[in-house]
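Chemist: Got a predicted model here, sequence first, then my questions.
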Amino acid sequence: MSYAHLTLQERYVIYHLKLCRLSHREIGRRLNRHHTTISREIARNGPRYPRGVYWHEAAQAWALER
């Protein structure tokens with residue numbers, strides 16, 4: 001099964017939709033991605049402290065490091 005990494009633009013959309021408090025399922029629908037992809041992205045590249053905000057530029061940097 002093939003897959004494509006999230007782009008900076010998709011991470012930017014995730015950032016804004018998370019600020020609007022949309023669910024992972026709704027964000028996935030809007031990006032045409034599976035909701036588990038969104039959940040994993042936020043878990044792996046999300047805030048490093050409780051109640052932090054998902055920041056797309058930091059997420060992109062952490063993803064590129066891996």
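Modeler: Received, thanks.
Chemist: lowest-confidence helix or strand of this structure?
Modeler: Least confident element among the helices and strands of the chain, by mean pLDDT, DSSP states H and E: helix 56-65 (a mean of 90).
Chemist: who touches that one?
Modeler: Outside helix 56-65, the residues that touch it by Cβ atoms under 8 Å, 6 or more residues apart in numbering are H5, L6, L8, R11, Y12, I14, Y15, E41, R44, N45, G46. Bear in mind the C-beta positions are built from the backbone N, C-alpha and C, glycine included.
Chemist: Quick one: buried ones out of the residues you listed?
Modeler: With neighbours counted by 16 or more other Cβ atoms under 10 Å, these contain buried members at L6, R11, I14, Y15, E41, N45, G46.
Chemist: quick one: buried residues of the least confident helix or strand of the chain?
Modeler: Applying 16+ other Cβ under 10 Å to helix 56-65 flags H56, A58, A59, Q60 as buried.
Chemist: which among the contacts of helix 56-65 gets closest to L31?
Modeler: Set against L31, the nearest of those by Cβ to Cβ is I14 (7.4 Å).
Chemist: For that closest one, give its distance to H35.
Modeler: Separation of I14 from H35 (Cβ to Cβ, to the nearest Å): 12 Å.
Chemist: can you list residues touching both of these two?
Modeler: In terms of Cβ under 8 Å, 6+ apart, I14 and H35 are both contacted by the residues I27.
Chemist: Which positions in stretch 31-46 come out as buried?
Modeler: Buried-residue list, stretch 31-46, by 16+ other Cβ under 10 Å: L31, R33, T37, I38, S39, E41, I42, N45, G46.
Chemist: Run the chain-centre distance for it.
Modeler: For stretch 31-46, the separation from the chain centroid amounts to 5 Å (computed by Cα atoms, centre = their mean, to the nearest Å).
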